[in-house]
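[1] could you look at this predicted model? Sequence included:
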Amino acid sequence: MENNCKYCGTETIFVKYEMSNKRIQLRKQCFNCGYLNTTNYKHSLFENLENIPFYSKENRDNFKNNRINNSKLRNNIGSKDYYNEVYLKSFEWKNKRENILKRDNYKCVCCNLDATQVHHINYNNVYLENFTDLISVCYNCHQKIHFLGEVYFNNLKANFGILKYCNSCKNYHNNNLPINFTFCNNCLKKNNQC
């Protein structure tokens, strides 16, 4: 069960959500950015639903409006301009960046010096990055990754698009796997999913 918001990394809480047929569903909402997860959870997780608050429609609507406005901006400005001038200055990115640096103990995953930047391993999910798409790096290693292609992370090449994350074993790998793969070859073999 995912406890953190996939957009800003803040912890989500269980909320009650009333469907159009008046049935109450349990969902999770981030009260930081307003994202409401559409996954329905079993009522049996709780003895008493009285203590669970209803979702915040206002927060959810603000979240949706921000996403729509950002989408319009992204389409009106060149995507590189939007990325640099809007997204990297947004609260969403700053919060995500801080959570990645905290996860990596503010250390560069390549050289173990103090990390000052966050690197996108790939740009498949830009604006909606998963935490596995990002690593903490120092300025020098970040420059090397993008311009020299010489940086290694845990003996793996950290160049753009080469380093990938396995959701099963929770490790990074250099493999010739599809861009959006879920399991590394070792995990596929262990689970007979080859």
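    Perfect, thanks for sending it.

[2] which stretches of the chain form helices?
    For the chain, the helices defined by DSSP state H cover 57-76, 79-85, 91-103, 139-143, 185-190.

[3] could you list the domains of this structure?
    Here the domain assignment for the chain is 13-60, 105-190, based on automatic domain parsing.

[4] weakest of those domains in terms of mean pLDDT?
    Mean pLDDT is lowest for domain 105-190 among the domains of the chain, at a mean of 70.

[5] let me see the contact set for G9.
    N95, K96, N99, F131 (C-beta atoms under 8 Å, 6 or more residues apart in numbering). Heads up, the C-betas are built off the backbone N, CA and C, glycines and all.

[6] got it, and K16?
    I24, Q25, L26, R27, L49, I52, P53, F54, Y55.

[7] can you select the buried ones from those in ChimeraX?
    Only the buried entries of the contacts of K16 go into this ChimeraX selection, using 16 or more other C-beta atoms under 10 Å:
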select :26,27,52,55
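
[8] now, the contacts of K16 that are in strands?
    Counting by DSSP state E, the contacts of K16 place I24, Q25, L26, R27 in strands.

[9] could you find the closest non-adjacent residue to the first one?
    In other words, I24. K16 (5.2 Å; C-beta to C-beta, 6 or more residues apart in numbering).

[10] I appreciate the help and will end here.
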